[in-house]
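Asks: I'd like to go over a predicted model; first the sequence, then the structure.
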Amino acid sequence: MLRSLSNLPWRLKALGGTVLVLLMVQESVCFVVPKGQTLTDWSECLDWALHIAVAIIFVYIAWGSTGTRSFWCLQVACWCTLLVTNTIWTYYGVVLHHEVPGLFVGDILLFLAGVPMFAGLMLRPHRRAGHAPFRFIDLPLLVLWWLSLYLFFVTPWQYVIPDEVRYWPNYNAVLLAEDMVAIGLLLFLWWDSAGKWKRFYGSFLGAQTLIAAAAYLANHAIETKSYYPGSWYDALIDVAVTWFAVTALLGWGLAPEPTGEESIQQTPGRWTTIVAMLAVLSIPALAAWALLSSSAPPQVTRFRVLVALVTISLMGCLIFVKQQGLARELARTNRILHDASLTDPLTGCRNRRYFDSTIAVDVNHVLRCYADGRDLSRRDLIFYLIDADRFKEINDTFGHGAGDRVLMEIVGRINTAIRLSDILVRWGGDEFLVVSRYTDRKEADALANRLLNVISSRPFTVDAEGHTFPLTCSIGWAAFPWLVARPDAFTYTEVLGFADRALYEAKQTGRNRAIDVQTAAKLLKGLDSSKAPAPRV
């Protein structure tokens, strides 16, 4: 532990030293100065300064954290709430010179201070969190739940029917329940962690147990009128506060551990969501208990039912907001997954699944144009099958990593030669298909020549050392419809077959060339005469 603290930045060391000095002075004052206003002034001021120093430590650590920032920000919220409460007590004791009232409105701040603390713990900061959209709404649900518990059990005896005798047992009960939740959660985190994180959680557990016990004893002393500012109860609480400061210093620089958990069901935010849903389900049960219980006065029963109704309504609004956000996130994720299923993961261009799902629309558009007798220009589909020449030599000589690099560069070069309306598809291996839409077959050879030139214009870089490899390509292409006079005589798949035969011919006759539809037609003389391909129109 001392080795970990010795590696702290000098600012944190200075703050830690300040906390220790304040604690020693506070302990000395509590046991040396006699009971009275002087003890109250010194004790309250030192306790206030101690809380400020501890809060600054948490703020500094939250500011410098990365993977655990959400956890530390919630701890900052906890200590800022405690600081506000401590400021109110200091004002009563030092400025007004009288004790805080027994039924004190500020008691709720002490209760609510624990909510962000264990909400942060439920994030399980030692585990690397997955993406859980709109998880932040679970925290307001938890805060609302804990607030409703306070309003349900404590507030009726504070405002509806003021009764200090019933107030304190209920207040201590809900505070004890909150502390037990925090301690149980810390025990689980201590068991679930290892190394520095286990030491951090162990220290956190010790500090939380001590402050829970000290607060319970102090509240009991307040209830029995035996408490006074600067008593040994305050000394014990300040030891626990200092322990929290040491715990925070032990957490400096801690990063989430890799877990290998890939399922969203195992991410830390899952625990927050489960507890939040259990909290929502508990409110109707509390309302039923209030109605069926005959021990409470009617005014208290009505107040409790009203609290339950308002709470469940507000929770419903929060859940609605969360569900709407999740629905939008799900739709966005589905769009991303759908797009990914239609994209080649290596090159980023479209895949054959995309082609199969969209080609019917383009084919129908072409057939409608021919059937309606519209302007014959810019209404053809041209299929260009492109195959890299001697690509296998790259894989054999430089490895498949170099081959992947070349494939990505081929895609980049092809994209510079085609139009935005054209579609580039990875057809398989080192073979690509360009579907040129809204074009004229009379201009088809121009794009074929551009594709040949852009591929062979300069050598391809095959590795990080700068080695290059000259590469060319072979192209076979055909236009749809094959017959202008009979647009539906051949299907687009048959036309693709013509382009494939033309590509084969380009490979066989020397590579680095484009074979057009006329050459492909010569290769198809064996077809039935009713479907004999005519010369290019």
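Replies: Cool, the structure landed. Numbering: from 1, shown residues only.

Asks: pLDDT (mean, whole number) over stretch 398-407?
Replies: For stretch 398-407, the mean pLDDT works out to 91.

Asks: Residues in contact with that stretch: which ones?
Replies: Here stretch 398-407 makes contact (CB atoms under 8 Å, 6 or more residues apart in numbering) with 346-347, 388, 391, 394-395, 430, 460-463, 467, 469, 471. No exception for glycine: its C-beta is placed from N, CA and C like everyone else's.

Asks: chain center to that stretch, what's the gap?
Replies: Counting by CA atoms, centre = their mean, to the nearest Å, stretch 398-407 is centred 34 Å from the centre of its parent chain.

Asks: same check, this time on stretch 436-451
Replies: 46 Å.

Asks: can you pull the buried residues of that stretch?
Replies: 436-439, 441, 444, 447-448, 451 (16 or more other CB atoms under 10 Å).

Asks: and which of those residues is nearest T333?
Replies: Of all the buried residues of stretch 436-451, T333 sits closest to R437, with 29.7 Å by CB to CB.

Asks: quick check, nearest of the buried residues of stretch 436-451 to K35?
Replies: R437 (91.7 Å).

Asks: Identify each buried residue in stretch 165-183, please.
Replies: Neighbour-count burial for stretch 165-183 [16+ other CB under 10 Å]: 166-168, 170-172, 174-175, 178-179, 181-183.

Asks: meant to ask about stretch 143-161, not that
Replies: 143-158, 160.

Asks: measure that stretch end to end?
Replies: Taking CA to CA, to the nearest Å, stretch 143-161 runs 25 Å from one end to the other.

Asks: Outside of it itself, list whatever touches it.
Replies: 103, 105, 107-108, 111-112, 114-116, 119, 163-164, 166-167, 170-171, 173-174, 177-178, 276, 279-280, 282-283, 286, 290, 296-297, 299-300, 303-304, 307-308, 311, 314-315, 318.

Asks: In this protein, where is pLDDT below threshold?
Replies: 1-6, 128-136, 258-272, 294, 373-377, 517-537 (pLDDT under 70).

Asks: Outline the domain layout of it.
Replies: Structurally, the chain divides into domains by automatic domain parsing as follows: 2-138+161-261, 352-531.

Asks: Quick one, which of these gets closest to R332.
Replies: Among the domains of the chain, domain 2-138+161-261 sits nearest to R332 (CB to CB), with 9.2 Å.

Asks: How far off centre is that closest one?
Replies: In terms of CA atoms, centre = their mean, the centre of domain 2-138+161-261 is found 28 Å from the chain centre.

Asks: Tell me how many other residues crowd Q299.
Replies: When neighbours are counted by other CB atoms under 10 Å, Q299 registers 11.

Asks: got it, and I386?
Replies: Per other CB under 10 Å, the neighbour tally for I386 reads 25.

Asks: mind checking how far V495 is from R441?
Replies: Per CB to CB, to the nearest Å, V495 is found 11 Å from R441.

Asks: what is in contact with those two at once?
Replies: Shared contacts of V495 and R441, counting by CB under 8 Å, 6+ apart, come down to A479.

Asks: follow-up on the earlier one: what is the nearest of the buried residues of stretch 436-451 to S357?
Replies: Among the buried residues of stretch 436-451, and counting by CB to CB, the member closest to S357 is R437, at 15.2 Å.

Asks: who's in contact with that closest one?
Replies: Taking CB under 8 Å, 6+ apart as the criterion, R437 is in contact with 362, 381, 421-423.

Asks: Just the ones of those in helices?
Replies: D362 (DSSP state H).

Asks: just curious, which of the contacts of stretch 398-407 is nearest to V33?
Replies: Taking CB to CB as the measure, V33 lies nearest L346 of the contacts of stretch 398-407, at 76.1 Å.

Asks: quick one: the closest one and I410 touch, right?
Replies: No. Here L346 lies out of contact with I410, judged by CB atoms under 8 Å, at a distance of 11.1 Å.

Asks: More neighbours: those two, which one.
Replies: I410 (24 against 12).

Asks: Next, the contact list for that one, please.
Replies: 347, 388, 430, 432, 455, 460, 471, 473.

Asks: Just give the number of residues close to the second one.
Replies: Counted with other CB under 10 Å, the neighbours of A388 add up to 22.

Asks: so how far is D422 from it?
Replies: 19 Å.

Asks: Likewise for the third one?
Replies: In this structure, D430 and D422 are separated by 19 Å, where distance is defined by CB to CB.

Asks: Tell me which of these two has more neighbours.
Replies: Neighbour count, other CB under 10 Å: between D430 and D422, D430 has more, with 21 against 18.

Asks: Can you read off the backbone torsions of the more buried one?
Replies: D430 adopts backbone torsions of phi -100, psi 20, taken as degrees, to the nearest 10.

Asks: How about C473?
Replies: Here C473 shows phi and psi, under degrees, to the nearest 10, equal to phi -140, psi 160.

Asks: Same check on the one 4 residues further on?
Replies: The phi and psi torsions at W477 (degrees, to the nearest 10) take the values phi -140, psi 160.

Asks: got it, and the one 4 residues further on?
Replies: Main-chain torsions, P481, degrees, to the nearest 10: phi -80, psi 150.

Asks: Just confirm it contacts R368, I think it does.
Replies: No. Counting by CB under 8 Å, P481 stays clear of R368, with 11.8 Å between them.

Asks: Who has more neighbours out of those two?
Replies: P481 (24 against 12).

Asks: Can you tell me how far that one is from L433?
Replies: 18 Å.

Asks: again, but for D500
Replies: D500 is 10 Å from L433, by CB to CB.

Asks: what's the overlap in contacts for those two?
Replies: Joint contacts of D500 and L433 (CB under 8 Å, 6+ apart) are L385.
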